[in-house]
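Trainee: Pasting a predicted model and its sequence here:
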Amino acid sequence: MIRSILVIDDEADICEIAKVSLQITNQWEVITAMTGHEGVAIAISQQPDAILLDIVMPEVDGLITLRTLKETPATQSIPVIMLTATSNIITQRQYVELGAAAVVSKPFDPGILGRQIAIALNWHLEEPLR
């Protein structure tokens, strides 16, 4: 099954690294957005299987975007994984309490990002062909 992931991050490099990583390691379809508003609009129209959302963004930050996604009927059931450079356990717990499915720390390892997402969402990963 081909999964689709929406990456919302204001840093173009992060979007590109996540996109290439998830496409190569998991053959997932990856859509990117540079702002919270754009991400919500894409989530509504394209209904990705999951969203990878940066916390720190200008104008509309990740927490406001998360709240909007969870309050919008068309997107409230899409799991959201927060991307954060904050390693504070209390802060990470707050993200989960606000509706995030999990938290991935930045900088992330592109080689294991797909596995981190799959584990967080209880997705079965296909074994690579040998």
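Mentor: Looks like it came in fine.
Trainee: how far out from the middle of the chain is the least confident helix or strand in the chain by mean pLDDT?
Mentor: Least confident helix or strand, the chain: helix 89-97 with a mean of 77, by mean pLDDT, DSSP states H and E. For helix 89-97, the separation from the chain centroid amounts to 16 Å (computed by C-alpha atoms, centre = their mean, to the nearest Å).
Trainee: Packing partners of whatever helix or strand comes next after that helix?
Mentor: Proceeding N to C from helix 89-97, the next assigned helix or strand is strand 102-105, under DSSP states H and E. Here strand 102-105 touches strand 80-84, helix 89-97, helix 113-120, going by 3 or more C-beta pairs under 8 Å, 6 or more residues apart in numbering; DSSP states H and E. (Each C-beta comes from the backbone N, C-alpha and C, glycine too.)
Trainee: Secondary structure class of the residue lying closest to Q76 once chain neighbours are set aside, three-state.
Mentor: Among residues not flanking Q76 along the chain, K70 sits closest, at 5.3 Å (C-beta to C-beta, 6 or more residues apart in numbering). Judged by DSSP: H, G, I helix; E, B strand; the rest coil, the three-state class of K70 is helix.
Trainee: that older thread, tilt between the least confident helix or strand of the chain and strand 80-84?
Mentor: 160 degrees (axes from the mean of the first three to the mean of the last three C-alpha atoms, to 10 degrees).
Trainee: contacts for helix 89-97?
Mentor: By C-beta atoms under 8 Å, 6 or more residues apart in numbering, the surrounding residues in contact with helix 89-97 are I55, L63, L66, M82, T84, T86, A102, V103.
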